[in-house]
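In: Sequence first, then the predicted structure:
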Amino acid sequence: MNIVITGASGGIGFQTAIYLASKSKNHIFAISRDKKGLGKLQTQFDMLKEKGRLTIIVGDVSNKDFLIELKGEISKLTNSLQAIINNAGMLYYKPFEELTDKEWENMYNVNLFSPVRLIKALLPLLKLSEEMLNTKFRAHIVNIGSIGGVMGSVKFSGLSAYSSSKGALSILSECLAEEFEPLGISVNCLSLGSVETEMFRKAFPGIKASMGPEQMGHYIGDFTESGFCFFNGKVLPVSISTP
């Protein structure tokens with residue numbers, strides 16, 4: 001599978017990329033603006049005994065010009081994609097009344113509009129994907145959301161911008177699943193609970209997360225490769241604790 005994953009320089013994205021790249025059938029396009037983090041990813045990949053292919057691409061997915069360049073870079077190496085994992089995200093942990101308009105714009109730009117633009121830019125490559133595992137779906141878009149963006153879940157102070165942007169991503173996933181079904185493209189949203197990452201520590205200082213990024217990375221990787229056989233247009237909570 002040819003798979004694009006954003007936010008691959010650390011945490012969940014890093015572990016997902018390594019897990020998927022360890023399989024000989026996969027070619028992973030790992031994207032992040034953190035060149036140093038991607039360098040560490042490349043180093044760890046090089047140490048794997050069995051592995052597929054890894055292409056690291058440094059760039060900011062919130063930059064429209066970069067997304068145009070990205071499609072060109074990927075197209076040089078393959079004529080189709082089987083999956084996109086929209087993992088890149090950002091978080092401001094601030095009371096509502098202290099959040100500035102610019103911070104709201106930044107949050108929605110990274111957590112919602114970047115996935116929108118990335119999907120739009122790479123949609124032609126997804127359309128060209130061949131049939132996978134004898135299902136009606138030929139490609140899979142996995143949006144990484146948050147349990148805080150799920151209607152009816154417990155909400156926390158200081159996360160109004162983050163949770164609402166992830167809620168919007170959930171609805172986007174449901175809408176695109178309906179629109180892309182005739183194209184053979186499945187779209188799902190994994191709404192993650194607590195994972196030991198820098199983002200979680202910022203939102204919940206002093207609280208221990210219920211699992212580590214490696215565990216979650218393996219789960220996301222497996223879901224990306226086969227979840228489209230069982231789900232489409234679903235917002236799936238992945239959480240065993242609150243938070």
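Out: All right, it came through fine.
In: quick one: the helices in this structure?
Out: 11-21, 35-46, 64-75, 101-108, 114-127, 160-180, 198-203, 213-226 (DSSP state H).
In: In the least confident helix or strand in the chain by mean pLDDT, which residues are buried?
Out: Least confident element among the helices and strands of the chain, by mean pLDDT, DSSP states H and E: helix 198-203 (a mean of 86). Buried residues in helix 198-203, counted by 16 or more other C-beta atoms under 10 Å: 199-200, 203. (Each C-beta comes from the backbone N, C-alpha and C, glycine too.)
In: Can I get that helix as CSV, trimmed to CA atoms?
Out: Only the C-alpha atoms of helix 198-203 are listed here, as CSV (Å, rounded to 0.1, in the frame of the first residue of the first chain):
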residue,chain,number,x,y,z
GLU,A,198,3.4,16.1,24.2
MET,A,199,-0.1,17.3,23.2
PHE,A,200,-1.8,15.2,25.9
ARG,A,201,0.7,16.5,28.6
LYS,A,202,-0.1,20.1,27.5
ALA,A,203,-3.8,19.5,27.9
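In: Comparing the helices of the chain, which yields the minimum mean pLDDT?
Out: Lowest mean pLDDT within these: helix 198-203, a mean of 86.
In: just to revisit the earlier point, kindly compare burial across the helices of the chain and name the winner.
Out: Scoring the helices of the chain by mean neighbour count under mean count of other C-beta atoms under 10 Å gives helix 11-21 as the most buried, with a mean of 26.
In: What are the contacting residues of the least confident helix or strand of the chain?
Out: Contact partners of helix 198-203, identified using C-beta atoms under 8 Å, 6 or more residues apart in numbering, comprise 10-11, 89-91, 93, 156, 158-159, 162, 194, 209, 243.
In: Compare those and tell me which is most surrounded.
Out: Neighbour counts for those, by other C-beta atoms under 10 Å, peak at residue 89, which reaches 26 neighbours.
In: pLDDT score for it?
Out: For residue 89, the predicted pLDDT is 95.
In: okay but it is in contact with residue 112, surely?
Out: No. Using C-beta atoms under 8 Å, residue 89 makes no contact with residue 112, being 9.9 Å away.
In: quick one, phi psi at the residue lying closest to residue 69 once chain neighbours are set aside?
Out: Counting by C-beta to C-beta, 6 or more residues apart in numbering, residue 59 is the residue found nearest to residue 69 once chain neighbours are left out, at 7.1 Å. When read as degrees, to the nearest 10, the backbone of residue 59 gives phi 180, psi 170.
In: ok, the closest residue to residue 39 other than its chain neighbours - how many residues close by?
Out: Leaving aside its chain neighbours, residue 39 sits nearest to residue 56 (7.9 Å; criterion: C-beta to C-beta, 6+ apart). For residue 56, the tally of surrounding residues (other C-beta under 10 Å) stands at 19.
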